[in-house]
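below is the structure, and that's it, no one-letter string:
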């Protein structure tokens, strides 16, 4: 009689652990989700590393003693809206409207 109860208890224990191994909070289903999330985070990291490298390059070009005048002119035009006297400035309304809706 005890062997039937022991076998039943063992079967329930095995079923419990098997269920949680596949469908539990830390089971295989969760593991595949975490792997997908990890791949997405690695892509974001790669883009941030590339952006950081570009910014470091710009910082090196703006270091006192070795300032790149072309970069300074580009930044003044882009960020501050500087133009040379006599230059014709064309404003694209679609771009301007898109900037105001951010």
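Ah, there it is. Keep in mind that what you see is a predicted model, and the values were worked out from it rather than measured.

got phi/psi on residue 63?
phi -70, psi 130 (degrees, to the nearest 10).

and it, how far from residue 75?
The spacing between residue 63 and residue 75, counted by Cβ to Cβ, to the nearest Å, is 14 Å. Any C-beta I mention is one placed from the backbone N, CA and C, and that applies to glycine too.

let me know the pLDDT of the spatially most central residue of the chain.
The centroid of the chain falls nearest to residue 44 when counting by Cα atoms, centre = their mean (2.6 Å). In this model, residue 44 is scored at 97, pLDDT.

what of residue 80?
Looking at residue 80, its pLDDT reads 89.

next one: residue 99
Residue 99 is assigned a pLDDT of 61 by the prediction.

run the chain-centre distance for stretch 63-82.
Relative to the chain's own centre, stretch 63-82 is displaced by 29 Å; criterion: Cα atoms, centre = their mean, to the nearest Å.

that stretch spans what distance, first to last residue?
One end of stretch 63-82 sits 22 Å from the other (Cα to Cα, to the nearest Å).

would you confirm that residue 24 contacts residue 30?
Yes: proximity of residue 24 to residue 30 meets the contact threshold set by Cβ atoms under 8 Å, at 7.3 Å.

residue 27: neighbour count?
14 (other Cβ atoms under 10 Å).

the one 3 residues further on now?
Residues contacting residue 30 under the criterion other Cβ under 10 Å number 13.

then residue 25?
Count around residue 25 with other Cβ under 10 Å applied: 7.

residues touching whichever strand or helix holds residue 75, excluding its own?
In this assignment (DSSP states H and E), residue 75 forms part of helix 69-80. With contact meaning Cβ atoms under 8 Å, 6 or more residues apart in numbering, helix 69-80 is reached by 58, 61-62, 82-83.

could you list the low-pLDDT ranges of the protein?
Flagging of the chain using pLDDT under 70 yields the residue ranges 1, 95-102.
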